[in-house]
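>>> This is the structure alone, sequence omitted:
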């Protein structure tokens, strides 16, 4: 007989609770976006995206689900074979058929159907509560009806089934190849049963009575058409179209699958069984639910031996036979199984008329051991809960097609209420719910009210947890719900939130922004692929001339396209900027250098220098990262070989070491392509190199680049461990400040990200101290989701988190719903209390937006080139005034003459003036020079060095070595007691140990030389 397990039922009824978006596409050449196929079987055509579960299923016919092979074509073929007019795909893996669009299903925006098909990632298969619907073009038959009568069988209406903890309304299942009302009533009559019921389109159930718990329901709840006749209704989810036989000629109750031996006695099998299998007794079934958890398909030739063989082949230790042709397997008895009289198991096996195969609601149980585990009737877990969780009740789910709690996790075979609570709490959610046994949901307590969930009697949550069968994990569209008492996240809402302000009208939408040692901002944009035909690809903004459009900008030039390249400031005496890689062909080999010159109000004359015939990378690189190593050389790592092409899973060093090809291959970059572009790289206090890519991280030897330590994978989203942090899933990384005497392990913070495939944007930050013993990641929830985040280190040791989107991934046209809110992250506060919600912008800034620190301590915010309909290419440049500049306090001032520090050197800062508090309350910070692109602040580092002050002078001790502070340029700030920073002054720390000032010694390139800093600062 057909057995519908909890697994299959949950699979058919579950749907995605969150908005999804398409996979990464950078340009028309980038990875293909998913779409609805246009070449369909026969005359089938797409009708578009439709709502589902508004008042029930939109398509109420047969269904099937496949977690590995669902496509539009497979669904259409399935529905066409059953002669249905409509086919619909949902949540990537579900297929529904029907002859009418019912229960309020209506056409909606195509973008809402955005989940990739499990059988073809280039196709779309609906979404949560959304169907991609297809039509055969045939005229639909008349709408289905509830069959009122079949001979002496009379409809009693629609009844509930298995919804109140009392088991099935009709206990006995019939295995029908094609279910109809006529076929089901005939099968029940032949088996001698007075009551017949059809459920979930293809199930047929019989019994001699209507069991406790089956109650009359609204007729419209029975809204699924019969799998064998689309003109008839055959129940619905947990609903039976119930029929009563009113005649007087019912035969005696017999085995539905062919059992029975004309009243001759039947016996359990007590000998000849394999191994240690032995008869354990006759047990009552379905008093509180099935007592053995795994049901096999009905078998008209069932014997005790065949059932045992089937269970044994799957390594189960229990086998049970019921109602002549039903076989169940497991390792324990559940739901309060109790012994029955041996004579109750009196039905002959369908395949052997001398063997006993249970009876009505009776199971003949066999076991490999005499010590059978028998678990009690499951109850709601209300005590010994983890953390501050408390039980909140049994709540409805999917009201109006919306999940009560938005984040869904399916743990087949091992879900527990406690595991679900722990998962929700770990990611900062204070509401946890379990449903259908294997499903876990997380959200916020207000989601329950917002999404229409209502409290129901505990009895409606009646399915045991597969990983803890003595406790309840919800029911059919019922959530066993728990709430966290107290605050899991403290997001501060200070009175002083700073402000965005318009700064300057821009010229282009830059994709790289760098504050040079001349205190001018260098912008690079797509050159050759720019939307602005007269763009030269490079411009410089003089901050002192902002307000005079005719003077504030200087036109510069690049020779090849810097589209998605990487930049960093060199530690040479001139503070040159280097840019590597680019888009397509020769550009991908590009090595470009710019020597900042000019001064405030005075234009420089230098330009970007490039000659691919003389100087180029050893490998083509699109989306590479760059970093200064402790020895002062330049690490260039990762990327792809060009637009929409193969990975470049390796690294190289500039200047190129002597010898032939010196590129080092990295198998872990090959393995994680394409989700590891623009990897995050930094030098650790040991001198080793930390790298984060996709959702992995490791520590590398700085000479051989062999792996020293493979760190734990980064936590992803609460419901998706595969969420990543680097392009195209694109979060942002910043280092926690380092404080003298530099004994604490360095900590790394990464915020935001998204998931591969159908995108689900992350709403958390993760952090780790890579060199701490037993290093583990800490998760901190943000107030909103954010991909393509930009993070800016501020001189007071806090970080701004800005820009990005709440839907999608990085790439052209792949993100939506811009995140307009700025956040402030304070690493000195306790975990879970570090984020303050600041002000909002009116300017959407998504793909190709940047943010960098300016000399006055404010933040320059630029760019956005999303190619998303409704969002323009953004040339306006804003400035964010952080709270420390929004208090009306005059900024401190100071003088410094030494701009070139050696490690451990004591340097005097003179004429220090503060206008809030006294000099005894000042702090000194060093913020590393940054080049920002695609959420990667290359070179970012914040140091609070040792210092002492006397009178109006302070003596600062430079960091001790190149591991704590790799050679490079820093903005030096003085902060008063209120936290208000001064304007910065540039200092170089650690010199130029790799003598980059002499490189490249080639025509057309400037060599600033080595030695002390001589440029005016």
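Done, it's in. All figures in this text were calculated on a predicted structure; none of them were measured in a lab.
>>> show me where the stretch 551-700 of the chain has helices.
Under the criterion DSSP state H, counting those that start in this stretch, the stretch 551-700 of the chain carries helices at the ranges 667-672.
>>> low pLDDT regions in it?
The model of the stretch 551-700 of the chain has pLDDT under 70 over residues 643-644.
>>> how about the strands in it?
553-557, 566-569, 577-580, 591-594, 625-628, 634-637, 650-654, 664-665, 680-683, 689-693, 696-700 (DSSP state E, counting those that start in this stretch).
>>> Among those strands, which comes closest to residue 812?
strand 566-569 (19.2 Å; CB to CB). All C-beta spots, glycine's among them, are computed from the backbone N, C-alpha and C.
>>> Just send the strands of the stretch 551-700 of the chain back as CSV, with mean neighbour count and distance to residue 307 too.
Output for the strands of the stretch 551-700 of the chain, formatted as CSV (neighbours: other CB atoms under 10 Å; distance: least, CB to CB, whole Å):
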stretch, mean neighbour count, distance to residue 307
strand 553-557, 16, 80
strand 566-569, 26, 64
strand 577-580, 24, 67
strand 591-594, 25, 72
strand 625-628, 27, 60
strand 634-637, 24, 59
strand 650-654, 21, 57
strand 664-665, 12, 55
strand 680-683, 24, 56
strand 689-693, 26, 51
strand 696-700, 21, 46
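>>> Adding distance to residue 222, write those strands out as CSV.
Shown next, in CSV, are the strands of the stretch 551-700 of the chain (distance: least, CB to CB, whole Å):
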stretch, distance to residue 222
strand 553-557, 71
strand 566-569, 62
strand 577-580, 66
strand 591-594, 70
strand 625-628, 59
strand 634-637, 61
strand 650-654, 62
strand 664-665, 62
strand 680-683, 56
strand 689-693, 53
strand 696-700, 50
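>>> Can you say which of those strands is nearest to residue 857?
Residue 857 sits nearest to strand 566-569 of all the strands of the stretch 551-700 of the chain, at 19.0 Å, using CB to CB.
>>> Nearest approach to residue 505 belongs to which of the strands of the stretch 551-700 of the chain?
strand 553-557 (9.3 Å).
>>> Which one, of the strands of the stretch 551-700 of the chain, ends up nearest to residue 422?
Nearest of the strands of the stretch 551-700 of the chain (CB to CB): strand 696-700, 23.2 Å.
>>> ok, and what's touching that closest one?
668, 672, 684, 688-691, 706-714, 748, 768, 770-771 (CB atoms under 8 Å, 6 or more residues apart in numbering).
>>> switch to 7 Å and redo it
668, 672, 684, 688-691, 706-711, 713-714, 770 (CB atoms under 7 Å, 6 or more residues apart in numbering).
>>> isn't residue 404 right next to residue 477, touching?
No - Residue 404 sits out of contact with residue 477 when judged by CB atoms under 7 Å, with a separation of 9.4 Å.
>>> Mind checking which of those two has more residues around it?
residue 404 (27 against 21; other CB atoms under 10 Å).
>>> excluding its backbone neighbours, what's nearest the more buried one?
residue 453 (3.7 Å; CB to CB, 6 or more residues apart in numbering).
>>> Could you do residue 936 as well?
Counting by CB to CB, 6+ apart, residue 936 lies nearest to residue 678, which is 4.7 Å off, once chain neighbours are set aside.
>>> which residues sit in contact with that neighbour?
Residues counted as contacts of residue 678 (CB under 7 Å, 6+ apart) are 623, 625, 726-727, 934, 936.
>>> List just the nearest of these to residue 339.
residue 726 (59.7 Å).
>>> Please report the confidence value the model assigns to that closest one.
In the prediction, the pLDDT value recorded for residue 726 is 97.
>>> Residue 16 now?
pLDDT at residue 16 comes out at 31.
>>> same question, residue 38
pLDDT, residue 38: 83.
>>> What count of nearby residues applies to it?
Using other CB under 10 Å: residue 38 sits among 7 other residues.
>>> Identify the residue spatially nearest to it, adjacent ones excluded.
Take residue 38 and drop its neighbours on the chain: the residue closest to it by CB to CB, 6+ apart is residue 46, 7.6 Å away.
>>> mind showing which ranges of the stretch 851-1000 of the chain have poor pLDDT?
Using pLDDT under 70, the stretch 851-1000 of the chain has no residue that qualifies.
>>> one step back: joint contacts of residue 404 and residue 477?
Here residue 404 and residue 477 have residue 397 as joint contacts, going by CB under 7 Å, 6+ apart.
>>> So for residue 287, which of the strands of the stretch 551-700 of the chain sits nearest?
With CB to CB as the yardstick, what comes closest out of the strands of the stretch 551-700 of the chain is strand 696-700 (50.3 Å).
>>> how about the next helix or strand after the closest one: buried residues?
Remark: after strand 696-700, the chain's next helix or strand is strand 707-710, criterion DSSP states H and E. Neighbour counts over strand 707-710 (16 or more other CB atoms under 10 Å) mark residue 708 as buried.
>>> what's the distance between strand 707-710 and the middle of its chain?
26 Å (CA atoms, centre = their mean, to the nearest Å).
>>> And stretch 813-823, by the same measure?
Stretch 813-823 sits 16 Å away from the centroid of its parent chain (CA atoms, centre = their mean).
>>> swap in stretch 353-364?
Between the centre of stretch 353-364 and the centre of its chain there are 49 Å (CA atoms, centre = their mean).
>>> And it, end to end?
End-to-end span of stretch 353-364 (CA to CA, to the nearest Å): 15 Å.
>>> And that stretch, what's buried?
Using 16+ other CB under 10 Å as the test for burial, stretch 353-364 gives 353, 355-364.
>>> Minimum pLDDT in those, which residue is that?
residue 360 (81).
>>> if I read this right, it contacts residue 323, doesn't it?
Yes - Residue 360 lies in contact with residue 323 (CB under 7 Å); the separation is 6.3 Å.
>>> returning to what we had before: which SS class is the residue nearest to residue 404?
With DSSP: H, G, I helix; E, B strand; the rest coil as the basis, residue 453 sits in coil.
>>> residues near it, how many?
Residues within reach of residue 453, counting by other CB under 10 Å, total 25.
>>> now swap in the one 4 residues further on and tell me
The number of residues packed near residue 457 is 11, by other CB under 10 Å.
>>> just to confirm, which helix or strand has the nearest residue to it once chain neighbours are set aside in it?
Nearest residue to residue 457, sequence neighbours excluded (CB to CB, 6+ apart): residue 394, at 6.7 Å. Assigned by DSSP H and E, residue 394 belongs to strand 389-396.
>>> where does the residue lying farthest from the centre of the chain land in three-state SS?
Distance from the centre of the chain peaks at residue 264, with 61.4 Å (CA atoms, centre = their mean). Secondary structure for residue 264, judged by three-state DSSP, is coil.
>>> I'd like the distance between it and residue 301.
19 Å (CB to CB, to the nearest Å).
>>> Next: residue 867.
Note on residue 867: its distance to residue 301, by CB to CB, is 62 Å.
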